[in-house]
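Visitor: mind looking at a prediction? Sequence and model below.
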Amino acid sequence: MRITIRSLIVTLFVLAGGLAFNLQAAHADHVITPDEYKLFQEGMRCHHEGDYPEALSCWIPLAETGVAEAQYNVGRMYGYGEGVAQNYVEAYAWFILSARNGRIEGRTALDELKPHMSPAEIARAYERASELEVYAEWPGS
């Protein structure tokens, strides 16, 4: 049986969706609010219905504040090319953040995507992840 990157990403996304009740944030002092949870679930609904741009508009603000599941889902959408041009560098950057913030699926996605990227692309992904972290920590972001 041939396993594709697409099928692995889909499998990981399904696992993340099933665990959405246990949202994790990057900063220990940040508690997921009911509004953030509602926004995450709205993103899940939109994604399930195929409204990928709306799913991204729900998840990106959460991902930028360090919600690991949202970071994973945004990475998955970039890796899969859902609602955006497929971009492994951007996907890898979001998976880095998700893994750093405790999401095991983020780590698994990194391991699965890495063989499909050049060392230069991986280096760019780490740079991009650093940019995203700085943005999230910037006052008023």
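Guide: Ah, there it is. Bear in mind the structure is a predicted one, so any value in this text is a computation, not a measurement.
Visitor: what's the single longest helix in this structure?
Guide: With secondary structure taken from DSSP state H, the chain has its longest helix at helix 119-137.
Visitor: who does that helix touch, helix- and strand-wise?
Guide: Packed against helix 119-137, as judged by 3 or more C-beta pairs under 8 Å, 6 or more residues apart in numbering; DSSP states H and E, are the following elements: helix 52-64, helix 88-100. Placement of C-beta: from N, CA and C, glycine included.
Visitor: and it with helix 88-100, angle?
Guide: 60 degrees (axes from the mean of the first three to the mean of the last three C-alpha atoms, to 10 degrees).
Visitor: buried residues, helix 119-137. List them.
Guide: Neighbour-count burial for helix 119-137, counted by 16 or more other C-beta atoms under 10 Å, picks out 122, 124-125, 128-129, 132-133, 136.
Visitor: in a markdown table, list the residues you listed along with distance to Ala70.
Guide: Converted to a markdown table, those look like this (distance: C-beta to C-beta, whole Å):
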| residue | distance to Ala70 |
| --- | --- |
| Ile122 | 22 |
| Arg124 | 22 |
| Ala125 | 18 |
| Arg128 | 16 |
| Ala129 | 15 |
| Leu132 | 12 |
| Glu133 | 14 |
| Ala136 | 11 |
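Visitor: out of those residues, what pair is the most spread apart?
Guide: Ile122 and Ala136 (21.2 Å; C-beta to C-beta).
Visitor: burial count for Ala70?
Guide: By other C-beta atoms under 10 Å, 32 other residues sit near Ala70.
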